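> have a look at this prediction, sequence included:
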Amino acid sequence: MFDAPFEASYETIVCDTPREAVARITLNRPQAMNAYSHRMTEELQAAIAGFRDDDGLRALMITGAGGRAFCTGGDISGSAPEHSSKVRTAPMGHGREMRDGMQAVVLALRRLDKPSVALVRGYAVAGGLALALACDLRIAAASAKLGDTSNKVGLLPDEGGAWLFPHAMGLDRALKMTLLHEIYDAATAERLGLVTEVAPDDVAEDRALALCESLAAKAPLAVRLTKMMMAKAMETSLESSLVDAQMAVMISNPSADVREGIAAFREKRAPKFEGR
C-alpha cells in the first residue's frame, strides 16, 4: 500500500468529492464487472486511508462503475494480471495474499470512525457483498442482485463474509445463501438484512449521495464516537458498553459542537458543526 491524498490518480478506482465533505470511491473495472484485483485492493486501502486522514471529508460512498455490478468478488476470469505467483507458491501464500488484500480493505472500512455508505447497482456477490457489508449503510438500486456465489466454484467466503453474512442475516440464512449459492433481488435482500434501503434505479445514486451529505452535515465528533460505540457494543456486554459511553461523553459533551448544537436549538436555526 502507498500513502496518497484522497483524490490521487489510480488505475482501478476513481476518487472524487461529489458533494461538500463527501468522498466517493468508484470501483473502475466495469469490463470485469468490478471484480477486484490485487492492484485494486492496494488502491482501495490507500484511498480509504486518504479519506480517514482528511478532516475535511466526513462521509464516504463506495460504488461501482458501469451499472452492471457493484463488485463481483475476486477476479477469477484470468483478465487480471498475475501479480503474486511467488506469494502463492510460498508457505501459507494464499492466506497472506488474502490477508494483505481484500481482508485488509474490509478491516479498514470497519475500523473507520467516519460513516460509509455502499451504493449497490447491479451485482454485489461473494467478496463484493462482503465489501458492501463492511460499509455502515447500503443503498441498493431496485434492480440490484446480492448474494454469495463463492462455494459455486469451490471458493470460500474468506474476504470477511463468514463473519459479515451471519451478523447481517443470521447464521441459518447465511449458510443457506452461501451453501446454495443464492442471489437475491434487492427487495428480498432488504428483508433479509443485507440492504439498508432500496431506491428506484433512476434515483438510487441521488439517494445515496443525499444520505452521505446528511451524514457529513452532522456533528463530526458525535457521529464518529457514536459509530465507534455501537460497533464495539455489538461485540461486548451492556455493562462494558455503558463504560465506553461514559468515556465518550467526556470527549463530546465539553466540545464546541455541543455548545453550537444547543445554541442552534434554542435560537431555532441550523447548527454549523466544525468537529471541535
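Yes, it's here.
> I'd guessed Ala248 sits against Lys232; true?
No - look at Ala248 against Lys232 with CB atoms under 8 Å: they stay out of range, at 10.2 Å. No exception for glycine: its C-beta is placed from N, CA and C like everyone else's.
> so what's the residue lying closest to Leu60 once chain neighbours are set aside up against?
Nearest residue to Leu60 in three dimensions, chain neighbours excluded: Ser116, at 4.4 Å (CB to CB, 6 or more residues apart in numbering). Contact analysis of Ser116 by CB atoms under 8 Å, 6 or more residues apart in numbering lists 59-62, 109, 134-137.
> ok, now Gly275?
Counting by CB under 8 Å, 6+ apart, the residues that Gly275 touches are 55, 58, 219-221, 257.
> so which of the residues you listed wins on neighbours?
Arg58 (25 neighbours; other CB atoms under 10 Å).
> return the per-residue confidence for Ser84.
In this model, Ser84 is scored at 55, pLDDT.
> lowest-scoring secondary structure element of the protein by mean pLDDT?
helix 85-89 (a mean of 59; mean pLDDT, DSSP states H and E).
> which SSE is immediately downstream of that helix?
Counting by DSSP states H and E, the next helix or strand C-terminal to helix 85-89 is helix 93-100.
> list the buried residues of that next one.
Going by neighbour count (16 or more other CB atoms under 10 Å), the buried part of helix 93-100 is 97-98, 100.
> cool, stretch 231-249 as well?
Residues of stretch 231-249 classed as buried by neighbour count (16+ other CB under 10 Å): 244, 248.
> and if you look at stretch 108-127?
108-110, 112, 114-127.
> quick one, helices of this structure?
In the chain, the helices defined using DSSP state H lie at 38-53, 85-89, 93-100, 102-111, 127-134, 161-169, 171-179, 186-192, 204-217, 220-233, 238-252, 256-267.
> could you identify which of these is most buried?
Among the helices of the chain, helix 127-134 has the highest mean neighbour count (mean count of other CB atoms under 10 Å), at a mean of 30.
> roughly how far is that one from the heart of the chain?
7 Å (CA atoms, centre = their mean, to the nearest Å).
> just the CA trace of that helix, in PDB.
Once non-C-alpha atoms are left out, helix 127-134 reads as follows in PDB (Å, rounded to 0.1, in the frame of the first residue of the first chain):
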ATOM      1  CA  GLY A 127     -16.400 -10.700  -1.900                       C
ATOM      2  CA  GLY A 128     -18.400  -7.800  -3.400                       C
ATOM      3  CA  LEU A 129     -21.200  -8.500  -0.900                       C
ATOM      4  CA  ALA A 130     -18.600  -8.600   1.900                       C
ATOM      5  CA  LEU A 131     -17.300  -5.200   0.700                       C
ATOM      6  CA  ALA A 132     -20.800  -3.700   0.800                       C
ATOM      7  CA  LEU A 133     -21.500  -5.200   4.200                       C
ATOM      8  CA  ALA A 134     -18.200  -3.700   5.500                       C
END
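> no further questions, thank you.
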